[in-house]
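Asker: Provide a 3D model corresponding to the input given below.
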Amino acid sequence: MSEIVVLSGSPSEDSRSNVVLKYIGSTLQEKEFLVTHISVRDIPWDVLFKAEFNSLVIQNLTSLIQGAEGVIVGTPVYKSAYSGVLKALLDILPQDVLEDTPVLPLMTGGSPSHLLAMEYTLKPLLASLKGVNLKGVYLVDHQIDKTKVANPIVHTKAHERLTKQVEYFAEIVSKKQTEILTTTKY
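Answerer: Alright, predicted model coming up:
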């Protein structure tokens, strides 16, 4: 069993990003991965606002992420970039928190016009934390039905893209887990 951390950068509890991240998490759990969901909403506002990088909640989050074999980071697009609250959280984590960790970036936005936000904002941010970025998935709001929990992706091609990326992510995480197990045996 592998540990995967799913980090939601949405300040809204019922956002499309959160719905898709929960769907991805349940898909990975069906593949027998251990998945932990974390939301920026789980972090006390004063810890973020005051950048309390030594707080217990940030230390615990750091340990959780550093112990993961894979991380998924999802966020809605705001002003052609990731959410500000996600940036505030990532800014107070250690500079190498994602070192050598496969990261699947996910963004949701109102139109295809913001497609490059992933390439020009989210991926460079994750790379600066030493994450190994995968291709990632950008979904347009109309491709997601928040009322459908079992499969919120209502656009066939979008669902195929997401499925392909999640399967590739799972394969990489499994290989990483196998490598860890074989190198720790006597």
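
Asker: show me what the helix or strand that residue 127 is a member of is in contact with.
Answerer: Secondary structure assignment for residue 127, by DSSP states H and E: helix 123-128. The contact list for helix 123-128 (Cβ atoms under 8 Å, 6 or more residues apart in numbering) reads 73, 82, 87, 90, 95, 98, 103, 105, 133, 136. To be clear about C-beta, it is placed using only N, CA and C from the backbone, and glycine gets the same treatment.

Asker: and the residue positioned nearest the centre of the chain, what are its bridge partners?
Answerer: Nearest to the mean C-alpha position of the chain, by Cα atoms, centre = their mean, lies residue 73 at 1.6 Å. Following DSSP bridges, residue 73 is listed with bridge partners residue 7, residue 105.

Asker: pretty sure it is touching residue 107, no?
Answerer: No - Residue 73 is not in contact with residue 107 according to Cβ atoms under 8 Å; the separation is 9.3 Å.

Asker: what's the first helix or strand after the helix holding residue 127?
Answerer: Counting by DSSP H and E, the element after helix 123-128 in chain order, helix or strand, is strand 132-133.

Asker: for that following strand, packing partners?
Answerer: Applying 3 or more Cβ pairs under 8 Å, 6 or more residues apart in numbering; DSSP states H and E, one finds that strand 132-133 contacts strand 102-109, helix 123-128.

Asker: repeat that for 6 Å
Answerer: helix 123-128 (3 or more Cβ pairs under 6 Å, 6 or more residues apart in numbering; DSSP states H and E).

Asker: got the buried residues for the helix it packs on?
Answerer: Across helix 123-128, burial judged by 16 or more other Cβ atoms under 10 Å covers 123, 125-126.

Asker: kindly report the same for stretch 159-173.
Answerer: 159, 161-162, 165-166, 169-170, 172-173.

Asker: which one of those is nearest to residue 63?
Answerer: Proximity of the buried residues of stretch 159-173 to residue 63 (Cβ to Cβ) peaks at residue 173, which lies at 18.3 Å.

Asker: in helices only, show me the buried residues of stretch 159-173.
Answerer: 159, 161-162, 165-166, 169-170, 172-173 (DSSP state H).

Asker: just put these in TSV and tack on pLDDT and distance to residue 144.
Answerer: TSV is the format used below for these (pLDDT from 0 to 100; distance: Cβ to Cβ, whole Å):
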residue	pLDDT	distance to residue 144
159	97	10
161	97	13
162	97	10
165	97	15
166	97	15
169	97	19
170	96	21
172	95	25
173	95	24
